[in-house]
Structures are given as structure tokens and as C-alpha cells.
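A.B. asks: heads up, no residue letters with this:
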């Protein structure tokens, strides 16, 4: 009896003890601090990390796919090469018809069948296509490992430029030793030799967002031809100089350009790496200027092969004067008129010999104030052409007739002449009439080798020179000619040799000539 009662009593005590322990454990667990709730910043960081991980995974997958495709193309190319080699190595019996493909009957082909030569050409073409595709994929893979130019924004930026070294030898006295434009004295045995890298250029191109349906972009170009530092051997320390700084909005057929750019009414320039700092034939018939401007362009398609392009805008009104102060800016005669210069150009383009043929006409106008109420109207009418002659020849050039256009390179940089001291209000100021142009013949032997020959001339009209008795323009004619050879290897290298002849006529010294031999080596990036 006692033994049977002892078991339930022990079980009851054990249950009571277990219940007390569970209550104590529950109370202590409820008093322990729980995990902190994630903050908002941690959630944002986590989301950004997950997004970056996803992008890295996608990039790795894309690279893996490209490598796989490249390996597949290499294998197919090797197989086709082996097959083609086997076909070429099979012996042939002169008495039997040629059978270049195994398993194909040697009977004469039917009228609808292609000759075996065409089939072989097809395989060779396939091999060539596969090789091109493989090279393209390899280049794309290499691009993945190149160091890119980073931008402060999310938009793409491209760095470009050229490191150009010029070795030159001159005979004659010119205005500039490394890229001369004018002969400023008779040739009395002046011989010099030198080298420069100040024509090297740096360019940045940025590609922005799409605004109002237009693709936006910006372009910046600069070189080191802005003068010389006033220091020991300063000729080797060219001053950094702004050339072009533009922003564009491009729709399908319309473009808006704002910034400092080339003179759009005179769009062509001869091919010459001896004078990148200024275009070839400057002051010898080639009107040019890097000037702030706003212009609008629109293209009308007349057919699949013909189009008409219209450009119009306003430009900073330049007259070719030197600044009066090296730091503070004062208005020149063109800017003192209170209005900009105006330009308009239209060009017709068609296809010929598989290349574009372009003919353009343009007009330019500027109002100038030379003080004491003396106003001059500057203007120019221009035409340009770029004509393919044969499969490897082309002819390009420009012609102009104008007045007071020294600010854009006309009149040998002479805009006006005065019939007396300019500081006296009674002295009349007249715009200098001038006429000029240039033309260049190009022979492109192949994609890497070309030959160029060109000539340009600029001179004030004889009537203006005769009218300015005692106050004649200093230069009355400037001629220039060049012959060059340009070679571009497969790598980003450039080699060129150029011979230039310059002849400038002054009123009291009518036979000033000079020659330059220039050798160039450049690295493009």
C-alpha cells in the first residue's frame, strides 16, 4: 500500500518543480532585450549592395558569353581552314574533271549549278567573315579590360588627342618658325632648324542625356600653341590654349550648337599635319577662326542619295585686332558695333563613285565701329567644294570675295586701311576689299597612305591699294603651296613629310619667299 502511494506523490512533486522552473525561465527570457530593428539607412545600403552585386553578376555573365562565342568562332575558323587545306591538297588527274569536294560527282555541272571555283570562293569568304567576327569579339573583350575615363556624372566621357612632334627646317625669314604663314622679309641666307611638340592636342567628348528628343553632347579641344612662357627655354613650354568648346543638341535632322567652334561658313581645310595649330593656307585664301557662336542646322533629304543642309547663326564679331590688355577685355571694333556677326551656309550633297560630293555657298556679315562715328560693313561671299574625281582621287577647296574680313583670315589679316592717322577723327577708314581661295588634290593610295598637293592665294584688290596712297596695306599678296605624304600604320601612329613654299608680296619689297621642310611623327589616343 505504501509503495503504491509513493509513486504518484513523487510525480506530483516533480511536476510542481518543473512548472516553477519554466515560469522562472519565461520571466527571465521576457526581460532580455530583443534584436534592434533595422534602420532606414541600413536598408538603403543593403539595397545598393544587392544592386551592385546583380550588376557585377550580369557583367560577368556577359563576358563569359562573349568568351564562349569567341572560342566557338575560333573553333569554326580552324575547322574551315583544315577543310579548305584538305581540299587544296587533294591530287588531281589531268585526264579527269576536277573534283574539289569529296562526295560530289565529277560529272560536268548543270547549267544551273555553280562552278567549283565559286564554291571555293564562298568558303574562303566564310573564313574571312569568321576571322573578322573573331577579331571584333577580341577587341570587345579587350575593351572590357581597358581603363575608362571616369566622369563626375553617370554619363560617358571619351578622351582623345594627338602627341605630335614636328622637325622642321626653314630657308627664309617668316613670321613664325614652326608653322609659318607670312614671309616678312627677303631671303638673305636665313636658314634655321628646330623641333616642337606644342601642336599636340587634347580632346574630351561627353555624351549626355536625351532632352526633348535630342541627343546631347559636348566637345572640348585644346593645344599648347597659345604662346611661350617667359622663362628659360620658354619656346619648349607652350602655353595651354582653348580651341573648341561646344555643346550640341542633335535631333534626327536638326542640330543646335552653342559654344566656340570652327567658322561654319568656311568648313573645309587642307590636310596638313605641319600646321595643326592653325589651318594650312591661313592668310592665303583659307578663311578660318575659332569663335564663340550659336548656330542652327537642318538637313532636307531630297532622295536616298541627295540632301541639302542649311546652317545659320550668329558669331562673335572679330576683326583681327590684338587685345589691348593681357588680363582685362575691351571691346574690339566689331564688338563695339553693338551687334554680332551673322553667317548663313547651304550645301548640296549627292553620291558619286560611292563617295559624297558636296557643293556649298555661304555668306558672312559684320558691322564694325572704328571710333569717331566711322562705321565699316564687313562681308564675304564664299563657296566650297569636295568632289571625288576617281576611285582614289578627290578635289577640295574654297573661294571667297569680301571686305573687312581680316578677323577671319581674309585680306592677309588686314580688315581696314586709313586715309590718314587713325587717331584723328577726320581720317577716313575704309574696309579692305580682298579676294582669295585655295584648292587641294588628294590621292589616297590605300587606307593608310595618301598624297596631297595644294595651293592657296590671298590678296587685296588693286583698286584699294591704289586708293590708299601713302597709307597702303602692308601686304598686297600672299601665296602658299604644299606637297605632303601621310602614312598611318595599323597602330595609332602617324608619319608625315611636307614641303611648303611661301611667297608674300609687300608694296616696297616684291619678292619675299621661304621654304619649309617638315617631318612629323604623331601618336593618336
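C.D. replies: Thanks, I have the structure now. Computed from a predicted structure; not experimentally measured.

A.B. asks: any weak-confidence spans in the stretch 401-525 of the chain?
C.D. replies: Along the stretch 401-525 of the chain, the model assigns pLDDT under 70 to residues 467-472, 508-511.

A.B. asks: return the backbone torsion pair for residue 218.
C.D. replies: Backbone geometry at residue 218, expressed as degrees, to the nearest 10, gives phi -140, psi 150.

A.B. asks: so who does it touch?
C.D. replies: Contacts were defined as Cβ atoms under 8 Å, 6 or more residues apart in numbering; by that measure residue 218 touches 205-206, 208, 245-248. Glycine gets a C-beta too; all of them are placed from N, C-alpha and C.

A.B. asks: element containing the residue nearest to residue 133 when sequence neighbours are not counted, please.
C.D. replies: Nearest in space to residue 133, with sequence neighbours left out and distances taken as Cβ to Cβ, 6 or more residues apart in numbering, is residue 73 at 5.6 Å. Using DSSP states H and E, residue 73 maps to helix 40-89.

A.B. asks: just checking, what packs against that helix?
C.D. replies: Applying 3 or more Cβ pairs under 8 Å, 6 or more residues apart in numbering; DSSP states H and E, one finds that helix 40-89 makes contact with helix 116-145.

A.B. asks: following the helix it packs on, which helix or strand comes up?
C.D. replies: On the C-terminal side of helix 116-145, the nearest following helix or strand under DSSP H and E is strand 156-171.

A.B. asks: and the next helix or strand past that following strand?
C.D. replies: Next in sequence after strand 156-171, counting helices and strands by DSSP H and E, comes strand 191-196.

A.B. asks: output the contacting helices and strands for that following strand.
C.D. replies: For strand 191-196, the helices and strands in contact under the criterion 3+ Cβ pairs under 8 Å, 6+ apart are strand 156-171.

A.B. asks: for the strand it packs on, which residues meet the burial criterion?
C.D. replies: Applying a neighbour-count criterion of 16 or more other Cβ atoms under 10 Å, the buried positions in strand 156-171 are 161-162, 164, 166, 168, 170.

A.B. asks: correct me, but the residue nearest to residue 133 touches residue 130?
C.D. replies: Yes - in this structure, residue 73 sits in contact with residue 130. The criterion is Cβ atoms under 8 Å, and the distance is 5.6 Å.

A.B. asks: residue ranges of each domain in this structure, please.
C.D. replies: Described in terms of automatic domain parsing, the domain architecture of the chain consists of the residue ranges 117-146, 156-524.

A.B. asks: what's the first-to-last distance across the last one?
C.D. replies: It stands for domain 156-524. Taking Cα to Cα, to the nearest Å, the span from the opening residue of domain 156-524 to its closing residue is 20 Å.

A.B. asks: pull the distance from that domain to the chain's centre.
C.D. replies: With Cα atoms, centre = their mean, to the nearest Å as the basis, domain 156-524 stands 16 Å off its chain's centre.

A.B. asks: sketch out the low-pLDDT regions of this protein for me.
C.D. replies: Ranges of the chain meeting pLDDT under 70: 1-45, 88-122, 139-148, 467-472, 508-511.

A.B. asks: that one: helices as residue ranges?
C.D. replies: Residue ranges of the helices in the chain, as given by DSSP state H, are 2-31, 40-89, 116-145, 462-467.

A.B. asks: ok, the residue lying closest to residue 444 once chain neighbours are set aside - contacts?
C.D. replies: What sits nearest to residue 444 in space, not counting adjacent residues and going by Cβ to Cβ, 6+ apart, is residue 450, at 4.6 Å. Listed by Cβ under 8 Å, 6+ apart, the contact partners of residue 450 are 271, 442-444, 485-486.

A.B. asks: alright, calling it a day.
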